[in-house]
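**Student:** predicted model and sequence below, questions to follow.
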Amino acid sequence: MNVKMRIVLLVLFIMSTLPIHGQEVALQEGDRVVFYGDSITAQRLYTRFVEDFVLTRNPNLHVSFWNAGVPGDTAYGGYTGNVPTRLKRDMLPYRPTVVTVMLGMNDGYYMEFNPKYLEVFENGYRQLLGSIKSTAPTARVALISPTPYDEATHGTEFPHYNETISHHAAFVKELADSSHLGFSDFNRAETELLQAGKEKNPLLAKLLIVDRIHPAEASQWVMAAALARSLGISPVVSSLRLDAAHGKTVAMQNTEISDFSMKDGGLQWTQTDKALPLPLQLDDEMIQFVISISDLTSMDQQILRVDGLTAASYALKIDGHRIASFTREQCASGVNLALHATPMESQAKGVDGIEAKRTQLDEAHFILAVETVEKSDGDAAVTKAFEARDTALQEEQRKAVQPKPHRFELSPE
C-alpha cells in the first residue's frame, strides 16, 4: 500500500470517528445563547437548568442566555407573531452566537397523525432555519426534538397524538444529521424516562408529565442533561483517588488537595474542586425517582475513591459535618458525592437561587417586549432597569459560584 493510499485511509478513518453533529455548538467564552421554542421552553425549566450546568461546571466561563419560548408556538410562529416578527423581536437584539430550537408539540394540531400536516411542519421548520441563518448567519444552531405527548403513564385526551409527535421528532433528528447541526434528543430521553418510570412506580410515573404535554420540573433535569451534552459540558465535577495503604494521592481530575495526612486509621485532607455539583433537590421524592430511572447522574460526577482501607465502614465528614457512611468496598469502587448533601451542593443551590431570580427577570422582560406594540421612553427606561438588575445578579452569581476549599475527614466507624 503506497503512502498516498495510507493517508487517504487515515483521513477516512478519522472522519468516521467524528460525530455528525454536536461538536460545533460546544460553548465558548463570550457566547450568547437564545433558546427558541414553544411553551415547554417558556416554562424556563430545562433552560434554567442548562444555565446551572454551565455555571457550576465552568465557573469562569462567561456565557449569556435568553429565553424566547412562546406558549402555543409552531414552526410558523404563533399568537405573538410570525417567524420574521419573532426573530426580529426575540432573537436578533441579543446577537446570538448559539441558537437552540425546540418545536413540534403544537404542529400536529392535537390530531391523529396526518402526513399532510407533517409536510406542513417540515416545510415550516426548514423555512425557520433558513430565516435564522439569514438573520444570524454566524450563529451555531442546535436542534432539539419535541418531548413526547404522554400516553404511556395515564389516559389520553388526544388519542394517538404521540405518534404524530414521534414523526416530528424523527424529522428533526434527520434534519440535524443531514444539515450537520447540533442535536439533542429530548424525545428519546423523556420517552425512556416514562417507560422506566412506569415499570418502577406507575403512580409516580404519572407525575413526570402531569398534563401529558409539559414535563415536570424533575423530568426537565433529564432534558437539561441531554442538552448540556450537546453543548459540550463536562460530566465531571471532580475525581479524586487516594491510597490509604501508602498514604498518597493516586489520581485527581478537576480538583486540588493539600494538607493530606493519616490519623487513627483514617484520612484527612483539604480539597478544592474547580466545579460544583448540580443543585438537585435531593430531599425531593420526584428528584430521587428521576435519579433512579435515568442516567442523570452520569452528567454529575463528583467521585471520591479510596483504596487500601482496612475497617469495614467509614464516616465521611466535610468541614466538620457528617455527610454519610460508606463501606470499605464502596470507597474502593468510588462514591459519587454529588448524590449527597454536602457544603458544595449547598453552594450550588445558592447559585441556582440567584438563577431563579434572573429567570423571573428574563420572563418579565420578555413579556414586556412581546406585549408592547409601540415603544416609548418609559419602556426604554424599564428595559434599562431590567438590564441593570440582571447585570447585578450576574456579578453576584459569579462570586457565589467560585469553588471553595473544604476539609475532608474519612474515619473508621
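**Tutor:** Here it is on my side, so go on. Remember, predicted model here, so these are calculated numbers, not experimental data.
**Student:** may I have the phi/psi pair for the spatially closest residue to Ile293 that is not a sequence neighbour?
**Tutor:** Leaving aside its sequence neighbours, Ile293 sits nearest to Ala196 (CB to CB, 6 or more residues apart in numbering; 3.9 Å). Every residue, glycine included, has its C-beta placed from N, CA and C. Per-residue torsions, Ala196: phi -70, psi -40 (degrees, to the nearest 10).
**Student:** ok, Ala196 touching Leu296?
**Tutor:** No: checked against CB atoms under 8 Å, the pair Ala196 and Leu296 is beyond contact range at 11.6 Å.
**Student:** more crowded one of those two?
**Tutor:** Shown here are Ala196 and Leu296; by other CB atoms under 10 Å, Leu296 has more neighbours (21 against 17).
**Student:** report pLDDT for Leu10.
**Tutor:** We have a pLDDT of 39 for Leu10.
**Student:** show me what contacts Val50?
**Tutor:** For Val50, the contacting residues are 65, 224, 227-228, 231, by CB atoms under 8 Å, 6 or more residues apart in numbering.
**Student:** which ones among the residues you listed map onto helices?
**Tutor:** Mapping the contacts of Val50 onto helices (DSSP state H) picks out 224, 227-228.
**Student:** closest to Gln402 out of the residues you listed?
**Tutor:** Distance to Gln402, by CB to CB, is smallest for Ala228 among those, at 20.4 Å.
**Student:** just give the closest residue to the closest one, not the sequence neighbours.
**Tutor:** Leaving aside its chain neighbours, Ala228 sits nearest to Phe53 (4.2 Å; criterion: CB to CB, 6+ apart).
**Student:** contacting residues around the one you found?
**Tutor:** 224-225, 228, 231, 233, 278, 299.
**Student:** of all those, which comes closest to Asp352?
**Tutor:** Leu278 (8.6 Å).
**Student:** buried sites along the longest helix seen in the chain?
**Tutor:** For the chain, the longest helix by residue count, based on DSSP H, is helix 343-371. For helix 343-371, the neighbour count (16 or more other CB atoms under 10 Å) marks 344-345, 347-349, 351-352, 354-355, 358-359, 362, 365-366, 369-370 as buried.
**Student:** same deal with stretch 76-84?
**Tutor:** So for stretch 76-84, counting by 16+ other CB under 10 Å, buried means 76-78, 80-81, 83.
**Student:** quick one, domains of this structure?
**Tutor:** 19-230, 235-413 (automatic domain parsing).
**Student:** gap between the closest residue to Glu413 other than its chain neighbours and Ala392?
**Tutor:** Nearest residue to Glu413 in three dimensions, chain neighbours excluded: Ser313, at 4.8 Å (CB to CB, 6+ apart). Here the criterion is CB to CB, to the nearest Å. By it, Ser313 lies 47 Å from Ala392.
**Student:** the more surrounded of the two?
**Tutor:** Here Ser313 and Ala392 are compared on neighbour count by other CB under 10 Å; more neighbours surround Ser313, at 14 against 10.
**Student:** please save the CA atoms from stretch 190-207 in PDB.
**Tutor:** Extracted in PDB, the C-alpha atoms of stretch 190-207 (Å, rounded to 0.1, in the frame of the first residue of the first chain):
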ATOM      1  CA  GLU A 190     -38.300  11.600  28.000                       C
ATOM      2  CA  THR A 191     -39.800   8.500  26.300                       C
ATOM      3  CA  GLU A 192     -37.200   6.300  28.100                       C
ATOM      4  CA  LEU A 193     -37.900   8.100  31.300                       C
ATOM      5  CA  LEU A 194     -41.700   7.500  31.000                       C
ATOM      6  CA  GLN A 195     -41.100   3.800  30.200                       C
ATOM      7  CA  ALA A 196     -38.700   3.200  33.100                       C
ATOM      8  CA  GLY A 197     -40.900   5.200  35.500                       C
ATOM      9  CA  LYS A 198     -44.000   3.100  34.600                       C
ATOM     10  CA  GLU A 199     -42.100  -0.100  35.200                       C
ATOM     11  CA  LYS A 200     -40.700   1.100  38.600                       C
ATOM     12  CA  ASN A 201     -43.600   3.000  40.000                       C
ATOM     13  CA  PRO A 202     -46.700   3.600  37.900                       C
ATOM     14  CA  LEU A 203     -48.100   6.200  40.300                       C
ATOM     15  CA  LEU A 204     -45.000   8.400  40.400                       C
ATOM     16  CA  ALA A 205     -44.600   7.900  36.600                       C
ATOM     17  CA  LYS A 206     -47.900   9.800  36.100                       C
ATOM     18  CA  LEU A 207     -46.200  12.900  37.700                       C
END
